[in-house]
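Enquirer: Let's see this in three dimensions:
(4 chains)
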Protein chains: 2
Amino acid sequence: MKIEKIDKKQAILDAAEKLFCETGYEGTSTRQISKESGANMAMINYYFGSKEGVFIEIMNSRIAGFGSQLKIINEDKISAMEKLNRVIDGYANRILANPSFHKMMHRELSLTQRPEMYNKIKDAMSQNMQLLEKILTDGQDDGSFREADNRLIIATIMGTLTNIVISPNKVIPDSDFDLNVPKDKKMMKDRAVAHLQDLLTVYLTTKK
Amino acid sequence: MKIEKIDKKQAILDAAEKLFCETGYEGTSTRQISKESGANMAMINYYFGSKEGVFIEIMNSRIAGFGSQLKIINEDKISAMEKLNRVIDGYANRILANPSFHKMMHRELSLTQRPEMYNKIKDAMSQNMQLLEKILTDGQDDGSFREADNRLIIATIMGTLTNIVISPNKVIPDSDFDLNVPKDKKMMKDRAVAHLQDLLTVYLTTKK
DNA sequence: GGATATTAATCAAACGATTGATTAATTTTG
DNA sequence: CAAAATTAATCAATCGTTTGATTAATATCC
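Expert: This is a model prediction of the structure:
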């Protein structure tokens, strides 16, 4: 029995996000979105103006509040290491909560076309990177962190998490997991956080 | 003055790779490839059968010999740490030598369609991951490496390098570089290698 | 409160443009 | 001259978008 959608507008957004994640923006036709959502084709343009309008709406709603969550951390009166650990946890939560959207975001980021979207994503990422940068330099200034290539430490944190959701699983027998399974997702998030926190704690607090 | 292409077949491959990297597979039309390469539209199908045939040929030629370079390292009579450092260097070279292709590869990997390509890329990556896995366990077996989450150490190595070529630059004033500039590319490769080797050396050789 | 506007939502059909592919004719090459 | 390479023209299919008409719900009026 099919559940009736309350709202066709939301149905279009849901279907489009699913399809964009699976087959990409160019690879998804408005007819597919129409069929998947149960809405008439014209409704897409009626509500969102264009196919790109749907895409922009999806990205905007997802990106909104991306940085705000992490910004609070930096204001807490805790050590740099504690801040770093919390940011790692927050970041891992964010990314692993919605792997398919994160994939789509990265795909869009690797295309230079659609500059509006590119810049939006870039700005959202930039916020997080600057926050991380500040935590690292603060820790280095008070002597609790070693000197390091901070830009690349950030690349390591973000890259590791992105790699987990992007790279194919089941390549190493040991690590046979499926991020669509809630239990596996929780497990991977905990592993990712533990790994990154351990890695960076050891690295940043070891004397040169 | 336009340089005459020796070979239209190669001209098509070159143009297609450039366009696929810039605007994606679906986002590139055969007419664009035709215009960019200077070849007639029909030549694409004449030489490669189809648009997908062009894509497959590009991926095959690039992926070929991807693992072979690294495989030799594991046979050398050197320490696990030395092997790890060489693999990092080899990997960084490979990825930063052709950032746009690496982007395209990852984009393709994040789409589940075109399973032939997906599996090809997956297998190529799988080889490298298994090699890295072996180096890590060998080092742990002989006591030179600490116990760790090896799957995620691999994610850190690959993810960090991928992040460098994918994530937008110029977000942190300090790190204003352009991978299209040979000098910047060399600089980033050296930085990436130094960072990863330092990070993992410290981490893997520090007692728990 | 019942008739009458006004609105938003939805639909099938069609639009012109573009897609990847193929044809048949022509040119180039060995 | 035969084979291979190249061309312009054309194909059916699909693309995103727009159209005019219809329904259902809401607001306005006397």
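
Enquirer: So which residues of chain A form helices?
Expert: A:8-23, A:30-37, A:41-48, A:51-63, A:68-75, A:80-97, A:99-109, A:115-141, A:150-166, A:182-205 (DSSP state H).

Enquirer: Quick one: mean pLDDT for the fifth one?
Expert: Confidence over helix A:68-75 (mean pLDDT, whole number) is 72.

Enquirer: The third one too?
Expert: Mean pLDDT, taken over the full extent of helix A:41-48, equals 95.

Enquirer: ok, now the second one?
Expert: Per-residue pLDDT values over helix A:30-37 give a mean of 95.

Enquirer: Let me know the angle separating the helix-or-strand element of chain A with minimal mean pLDDT from helix A:115-141.
Expert: Ranking every helix and strand in chain A by mean pLDDT, DSSP states H and E puts helix A:68-75 at the bottom, with a mean of 72. Here helix A:68-75 points in a direction 20 degrees away from that of helix A:115-141 (axes from the mean of the first three to the mean of the last three CA atoms, to 10 degrees).

Enquirer: Please spell out which residues along helix A:68-75 are buried.
Expert: The neighbour-count check on helix A:68-75 (16 or more other CB atoms under 10 Å in any protein chain shown) flags A:70, A:73 as buried. C-beta here means a position set from N, CA and C on the backbone, and glycine is covered the same way.

Enquirer: wait, does it make contact with chain B?
Expert: No - using CB under 8 Å from any CB of the partner chain, helix A:68-75 stays clear of chain B, with a minimum separation of 15.1 Å.

Enquirer: so what does that helix touch, helix or strand wise?
Expert: The helices and strands touching helix A:68-75, judged by 3 or more CB pairs under 8 Å, 6 or more residues apart in numbering or on different chains; DSSP states H and E, are helix A:80-97, helix A:115-141.

Enquirer: Let me have these in TSV, extended by mean neighbour count and mean pLDDT.
Expert: Below are the helices and strands packed on helix A:68-75 laid out as TSV (neighbours: other CB atoms under 10 Å in any protein chain shown; pLDDT from 0 to 100):
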stretch	mean neighbour count	mean pLDDT
helix A:80-97	18	94
helix A:115-141	17	89
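
Enquirer: circling back: I'd like the helices of chain A written out as CSV, with distance to residue B:201 added.
Expert: Below are the helices of chain A laid out as CSV (distance: least, CB to CB, whole Å):
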stretch, distance to residue B:201
helix A:8-23, 38
helix A:30-37, 50
helix A:41-48, 52
helix A:51-63, 37
helix A:68-75, 30
helix A:80-97, 20
helix A:99-109, 29
helix A:115-141, 19
helix A:150-166, 14
helix A:182-205, 10
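
Enquirer: Tell me which of the ones you listed sits nearest to residue B:36.
Expert: Across the helices of chain A, residue B:36 has its closest neighbour in helix A:115-141 (20.9 Å, CB to CB).

Enquirer: Tell me if that closest one is near DNA strand D.
Expert: No - judged by CB under 7 Å from any atom of the strand, helix A:115-141 and DNA strand D are separated, with a smallest distance of 13.9 Å.

Enquirer: returning to that earlier point: closest to residue B:73 out of the helices and strands packed on helix A:68-75?
Expert: Of all the helices and strands packed on helix A:68-75, helix A:80-97 comes closest under CB to CB, at 31.1 Å.

Enquirer: Would you reformat the helices and strands packed on helix A:68-75 as TSV and include distance to chain B?
Expert: Listed next are the helices and strands packed on helix A:68-75 as TSV, based on distance: least, CB to the nearest CB, whole Å:
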stretch	distance to chain B
helix A:80-97	11
helix A:115-141	4
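
Enquirer: So which of those helices is nearest residue A:147?
Expert: helix A:115-141 (5.9 Å).

Enquirer: got the angle for the closest one vs helix A:150-166?
Expert: 130 degrees.

Enquirer: what is the orientation angle of helix A:115-141 with helix A:99-109?
Expert: Using the same axes, to 10 degrees: helix A:115-141 against helix A:99-109 is 100 degrees.

Enquirer: now for helix A:115-141, which elements pack on it?
Expert: helix A:51-63, helix A:68-75, helix A:80-97, helix A:99-109, helix A:150-166.

Enquirer: still on that earlier bit, figure out how far the least confident helix or strand of chain A is from the centre of its chain.
Expert: 17 Å (CA atoms, centre = their mean, to the nearest Å).

Enquirer: And for stretch A:200-208?
Expert: Worked out by CA atoms, centre = their mean, stretch A:200-208 lies 27 Å from the chain centre.

Enquirer: repeat for stretch A:41-59
Expert: Taking mean C-alpha positions (CA atoms, centre = their mean), stretch A:41-59 and its chain are 22 Å apart.

Enquirer: List the buried residues for that stretch?
Expert: Those would be A:43-44, A:47-48, A:51, A:54-59, for stretch A:41-59 by 16+ other CB under 10 Å.

Enquirer: Now render those residues as JSON lines, adding distance to residue A:189.
Expert: As requested, the buried residues of stretch A:41-59 are exported to JSON lines (distance: CB to CB, whole Å):
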{"residue": "A:43", "distance to residue A:189": "37"}
{"residue": "A:44", "distance to residue A:189": "35"}
{"residue": "A:47", "distance to residue A:189": "34"}
{"residue": "A:48", "distance to residue A:189": "33"}
{"residue": "A:51", "distance to residue A:189": "33"}
{"residue": "A:54", "distance to residue A:189": "29"}
{"residue": "A:55", "distance to residue A:189": "27"}
{"residue": "A:56", "distance to residue A:189": "29"}
{"residue": "A:57", "distance to residue A:189": "28"}
{"residue": "A:58", "distance to residue A:189": "23"}
{"residue": "A:59", "distance to residue A:189": "23"}
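
Enquirer: so which two of those residues are the farthest from each other?
Expert: Spatially, the most separated pair among the buried residues of stretch A:41-59 is A:43 and A:59, at 19.8 Å (CB to CB).

Enquirer: Phi and psi next, for residue A:38.
Expert: Main-chain dihedrals, residue A:38, degrees, to the nearest 10: phi 80, psi 0.
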